[in-house]
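Colleague: Please work out how this folds:
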Amino acid sequence: MCAAQIRCDLVRRRGLHRLADLAPLARTRPALGEQRCPPAPPLTSITRRRFRSHREFIVVVERVVFHVVVSFSRPAGLIDVCTKVSISPPGEKSRVRRGNVPGVTNYRKRPLDVSTDIAVLTLIRDELCAVVIVRDKAPFKGLYALPGGFVHDDEDLPEAALRELAEETNLALRPDDITQVAAYGNPDRDPRKEKRVITISYVALVPDLPPTAAGTDARDAAVIPVAQLLADSPALAFDHRQLLQDAVELVRVLIEETPAATKFCQPEFTLAELRAVYEAVWSSSVHAGNFRHRVLQTPGFVESTGDKRLPAGGIGRQAELYRRGPAQQLHPAIRRPGTYFRT
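Modeller: Below you'll find the predicted structure:
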């Protein structure tokens, strides 16, 4: 049932002031064979939503839900559209539920919970790898997943990520070792329909990864090449493939714009070892001469120690050793091949 241009009292900047004029509409029932509801207060509840051009009101009057639209261009007191959208059965408390009002989805139907997931990346034989666990509980029991879990009421998000990592993999990191990647809140990302789960993802770069050990709800913990995980071989639970892909992309940008690549190296390293880190993270080859020139021309990136040593394996000429410099940002950035002019 729609009624256009219904006169109603309005107060400027406060929206609807008196809704008694909607009560007659609430008492008009469609011919659906329903019994009249017991008398109820004229106004049960009201929810306002302000937009640039209009306001929307979700009004419950005598167990009937109205969707009211008021345009700012209209004279004060004139309603554009007033639509009866729902009738509550007798004996049920009047309230707006998700789905009762077409186009209105800001009413939570499921409880909301927050979790954290962390992608721990390391280099093994010049190949980028990630720490994963084997889930021991449903859903996705037996599948690989990133370490993570729900946030306790008395802890911060980084604390929750580090706690879950220690419980599930026996890896102890510091808050300075992790970087927040993104937040993920797709309503269907968790198949457990009793609650909606929003997760905050983190990434950590660990050069010398200690042995991992499964714990709590993890059946096992393993270190698997990132290329295999992103190729769904093996498959990852939930939307963790997207989480891992975004974490790797963030690390690729970090090593372009910051000295983060030196975290994968020993305190003293050669430029060839540093170049191997870039090639492993970028998954592409880098010209040795161009890389050396760009690194040495970036102020504060690396500093020479004055020492030399043989390459790994003891074969070849002695290479000069470097350490990380004082720079926190690289200018100009060390762009990956094919993106030199990316802003």
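Colleague: Quick one: mean pLDDT over the lengthiest helix in the chain.
Modeller: Looking across the chain with DSSP state H, the single longest helix is helix 240-257. The average of the pLDDT scores along helix 240-257 is 96.
Colleague: now stretch 228-235
Modeller: Mean predicted confidence for stretch 228-235 is 87.
Colleague: Need the distance between the two termini of it.
Modeller: In stretch 228-235, first residue to last residue: 9 Å (Cα to Cα, to the nearest Å).
Colleague: contacts for it?
Modeller: Contact with stretch 228-235 is made by Ala130, Val132, Leu143, Tyr144, Ile224, Leu236, Arg241, Leu244, Gln245, Val248, as judged by Cβ atoms under 8 Å, 6 or more residues apart in numbering. In this view, the C-beta of every residue, glycine as well, is placed from N, C-alpha and C.
Colleague: In the residues you listed, which residue is surrounded by the most others?
Modeller: Counting neighbours by other Cβ atoms under 10 Å, Val132 leads the contacts of stretch 228-235 with 28 neighbours.
Colleague: Please name the bridge partners of that one.
Modeller: Beta bridges link Val132 to Ala222 when assigned by DSSP bridges.
Colleague: likewise Val302?
Modeller: Here Val302, judged by DSSP bridges, has bridge partners Arg324.
Colleague: thinking it is in contact with Leu321, fair?
Modeller: No - using Cβ atoms under 8 Å, Val302 is not in contact with Leu321, being 9.8 Å away.
Colleague: picking up where we left off before, name the residues of the next helix-or-strand element following the longest helix of the chain that come out as buried.
Modeller: Helices and strands here follow DSSP states H and E; after helix 240-257, the next one along the chain is helix 271-282. Buried positions in helix 271-282, judged by neighbour count with 16 or more other Cβ atoms under 10 Å: Leu271, Glu273, Leu274, Arg275, Ala276, Val277, Tyr278, Glu279, Ala280, Val281, Trp282.
Colleague: One more: stretch 314-325?
Modeller: Leu321, Tyr322, Arg324, Gly325.
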